[in-house]
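Chemist: fold the following, please.
(2 chains)
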Amino acid sequence: MRILIAIMLSLGCAAAVEVGDNLSELAVPLRSGASTVSAFAGKVVYLDVWATWCVPCRESLPWMDGLQARLKERGLEVIAVSIDKDAANLNRFLSKHPVSITIGHDAEAAIAKQLGVTTMPTAVVIDRAGKVHAVHAGFERGGADAVEAQIIALLETP
Amino acid sequence: MKRTMILIVVAALGVAASGCNLTRVQAYEREDLSKRSMQLPPSALDARLDDHTYFSKEAARGGRGGGGGGCGCN
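Modeler: Numbers count the residues shown, from 1 in each chain, chains lettered A, B, ... in the order given. The predicted structure is shown next:
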């Protein structure tokens, strides 16, 4: 029975990231080079997995840009990792819609697999210690203010 | 022999139990599916023109799901 369970677990769905998980060692492929969440220790990180072919993702980008502008001084780092297969698509999109947030690119979508992404975009709010504070699947402009309030509350947590 | 059969059944059950995982397209794998060429139909304008030709020739307005009387006059 144990063998059967082991087989099923190994073949089954990858575990999705959950609140409380420690993501300090999660690899974050930034355009400026490979990094990890621990490189942003001491900051609240809003880690977003997105793609240029995903309409809600594109809609979320200006909001994330504004979020970064409003809360950067208080210790927020917005990182948006694109999983476009072709970097040219990402570059073309960003040249048309420039943003000031930190952009990553993961053509293999390894970060999406590691986080167990089931919806695009998926954003993980990571506290200053590298632990998952919240996971947001999908993006709706109507719910963005609540997310921002949640991040502000986390930033104010000592 | 019996042991081999049990192992085969167990392996088959394992594969069957994870069948959805083997076939499901994950959200992060939908780049190609999101391309315009993958849409049904790929061109909305072409489809509209084809529809117009179809219902005009066949006098079957609404024949593909839209409302209408079928006079073919528009």
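Chemist: now do the helices in chain B.
Modeler: Per DSSP state H, chain B carries helices over the ranges B:2-17, B:19-23, B:44-58.
Chemist: ok, now chain A?
Modeler: Counting by DSSP H, one finds helices in chain A at the ranges A:2-11, A:55-71, A:87-96, A:110-115, A:141-156.
Chemist: and these, which is most packed in?
Modeler: Counting by mean count of other Cβ atoms under 10 Å in any protein chain shown, helix A:110-115 has the highest mean neighbour count of the helices of chain A, with a mean of 19. Just so you know, the C-beta spots here come from the backbone N, C-alpha and C atoms, and that holds for glycine as well.
Chemist: in JSON lines, list the helices of chain A along with mean pLDDT and distance to chain B.
Modeler: Formatted as JSON lines, those follow (pLDDT from 0 to 100; distance: least, Cβ to the nearest Cβ, whole Å):
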{"stretch": "helix A:2-11", "mean pLDDT": "46", "distance to chain B": "4"}
{"stretch": "helix A:55-71", "mean pLDDT": "96", "distance to chain B": "9"}
{"stretch": "helix A:87-96", "mean pLDDT": "96", "distance to chain B": "9"}
{"stretch": "helix A:110-115", "mean pLDDT": "96", "distance to chain B": "4"}
{"stretch": "helix A:141-156", "mean pLDDT": "96", "distance to chain B": "18"}
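Chemist: quick one: closest of the helices of chain B to chain A.
Modeler: helix B:2-17 (3.9 Å; Cβ to the nearest Cβ).
Chemist: dump the helices of chain B into JSON lines; add mean pLDDT and mean neighbour count as well.
Modeler: As requested, the helices of chain B are arranged in JSON lines below (pLDDT from 0 to 100; neighbours: other Cβ atoms under 10 Å in any protein chain shown):
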{"stretch": "helix B:2-17", "mean pLDDT": "80", "mean neighbour count": "11"}
{"stretch": "helix B:19-23", "mean pLDDT": "58", "mean neighbour count": "10"}
{"stretch": "helix B:44-58", "mean pLDDT": "83", "mean neighbour count": "12"}
